[in-house]
Structures are given as C-alpha cells and as structure tokens.
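> For reference, the sequence and a predicted model appear below.
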Amino acid sequence: MRIAGLQKLTLLDFPGRVACTVFTPGCNFRCPFCHNASLVLGDLEGSFFNEEEFFRFLGKRRGILDGVAITGGEPLLQPDIGDFLARIREMGFQTKLDHNGSRPDVLRDLIGRGLLDYVAVDIKNSKEKYTETAGCVPAMVDRVSETVELLKQGNVHYEFRTTVVKELHEEEDFRKIGEWIRGAENYFLQKFEDSGELIQEGWNAAGKEEMQRYLETVRPYVMNAALRGM
Ligand code: SF4
C-alpha cells in the first residue's frame, strides 16, 4: 500500500468519529480544480510513508482514535487496498473511504467483505458536464452511475458530495444531480477552497447565496442535504 501522507488527527474527515487520515498517491481523474495536485501529478514511484510504521502508529492510538479515513488521490487504484482495510479493521478501528466513483467493481467487493463503515463519493457535476469537470473519459460517467446505484442499495453508510466551483456549476446542474441521486442517504455541497496547489489555476468558490439556492434546488430529491464548509 502506497501511503503518500498521514494526518495523525482529524475531527472532520470521518463524520462523527475521531480519526487519522491516510493519503494515497495517484488518480485516474484530472479535476482542474483539484486541490491536491502534488498527490495526483507527483512522482508515483517516489518514497512513501512506511506501511509498517503506519500500523505501529495506529497500534499506539487504540482508545484515542475511532477510525481511519482513507483519501487521495484515488484510494481504490491501490491494488492491496482490501488487505490494508482488513488489517485496520482487525485492529478494531472503523474505516471511511473517499472515492471518485470510478471503480464500482472494487467498491462492491470491499462492501461485500464488510471492510467499510462509511463511504464518501464525489458527484463532480451533472452527467452532461462530467468529463469537463472531472477531466475524465466519457466511459467514467457510467461507472459513477453504477457506484451511485450500488450505494443506494444501503449496504454501507454513505454520502455523495459536490465541490461547488463558480465557473463550473449552475442551478440546472443541481436539478440534474438531484434527479440522478434521488433518495440518497446524504448529500453535501462543499465550498471550493483554493489550496494554492491546484491542478489548474483560475477557479473560484460560489457565493453563499448561490450555494443556498443550489441547496434548495437539490432538497426535493435528497432530504438530508446540507452545505459544508460555509
Ligand atoms: S479532486 Fe479529482 S483529480 Fe483530485 S484526487 Fe479527487 S478525483 Fe482525483
């Protein structure tokens, strides 16, 4: 398992849990507004955080941390992600996964093996604007749709979320996203933040009023919808 970084404590990344966050390198999307450019575009053969060192750290956090959030990059590109999650679970910690929705086959397997407690999947935009917003090939849109249907079966707790970028999203997109994810467990509209390390410069956050309007647009489709980071 390639571990590009470790945040030893987070109260935000795993809803309702005290956790640490593991960052994995590489991604099969190229969202131009991605705020983790070095993780996505950086040297994938470079030196990484030692896996055994991570598990030694985790062993010392028993009784302090509830769980581990795994994010990227795209964690499901790691071939040994299942073994990694299984080891975390065996140590008594809960697991949360951030995913771009492109690997429903891998996600189905992990859910089936009971290795995930919570999954957060990005809905980058309406289907019509997906490739532009995620920097991905058109075939990925069907895969994200498969992931949406998989999670809506309710075999694991989950959220969908959209990072709202002023130049990429408009109200009609949220009506379409609402129809797409209708009946979902949770949906969050997240405020875009310029980390200073974007894949492409020139993006801005939507204003508070716009965000509120988009939230009202999506609410008829998802009861538990909310703004995040506002
Ligand atoms: S924001 Fe896009 S490019 Fe960046 S890690 Fe997530 S899916 Fe990959």
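Cool, the structure landed. The model shown is predicted, which means the values in this text are computed figures rather than measured ones. Numbers count the residues shown, from 1 in each chain.
> who in this structure is up against the ligand?
Proximity of the chain to the ligand (Cβ under 6 Å from any ligand atom) is limited to residues 27, 29-31, 34, 36, 40, 72-74, 100. From N, CA and C alone the C-beta is placed, and that goes for glycine too.
> and the residues you listed, which of them are in helices?
V40 (DSSP state H).
> Just the pLDDT at E45, thanks.
Looking at E45, its pLDDT is 69.
> following the longest strand along the chain, which helix or strand shows up next?
In terms of residue count, the longest strand belonging to the chain (DSSP state E) is strand 157-164. Sequence-wise, the next helix or strand downstream of strand 157-164 (DSSP states H and E) is helix 171-181.
> buried stuff in stretch 174-183?
By neighbour count with 16 or more other Cβ atoms under 10 Å, stretch 174-183 contains the buried residues 174-178, 180-181.
> Dump those residues into a markdown table; add pLDDT as well.
Output for the buried residues of stretch 174-183, formatted as a markdown table (pLDDT from 0 to 100):
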| residue | pLDDT |
| --- | --- |
| F174 | 98 |
| R175 | 98 |
| K176 | 98 |
| I177 | 98 |
| G178 | 98 |
| W180 | 98 |
| I181 | 98 |
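> so which of these comes closest to V137?
Taking Cβ to Cβ as the measure, V137 lies nearest W180 of the buried residues of stretch 174-183, at 18.9 Å.
> I'd like the distance between that closest one and A139.
To A139, W180 is 17 Å away according to Cβ to Cβ, to the nearest Å.
> Tell me where this protein has helices.
Counting by DSSP H, the helices of the chain are 37-41, 51-59, 81-90, 104-112, 130-134, 139-152, 171-181, 208-218.
> Which residues are in contact with the residue lying closest to R161 once chain neighbours are set aside?
Residue nearest to R161 in three dimensions, not counting chain neighbours: F188, with 4.2 Å by Cβ to Cβ, 6 or more residues apart in numbering. F188 sits next to 159-162, 225-228 when contact means Cβ atoms under 8 Å, 6 or more residues apart in numbering.
> PyMOL command for the buried members of the residues you listed?
Only the buried members of the contacts of F188 enter the following PyMOL selection, criterion being 16+ other Cβ under 10 Å:
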select buried, resi 159+160+161+162+225
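> pretty sure T163 contacts A120?
No - the pair T163 / A120 is not scored as a contact, 11.6 Å apart, by Cβ atoms under 8 Å.
> Which one's more surrounded, those two?
More crowded of T163 and A120, by other Cβ atoms under 10 Å: T163, with 26 against 21.
> Show me the residue sitting in the middle of this protein in space.
Centroid check for the chain by Cα atoms, centre = their mean gives D98 as the closest residue, at 3.1 Å.
> who are the neighbours in contact with it?
Residues near D98 by Cβ under 8 Å, 6+ apart: 13, 69-72, 75, 120, 122.
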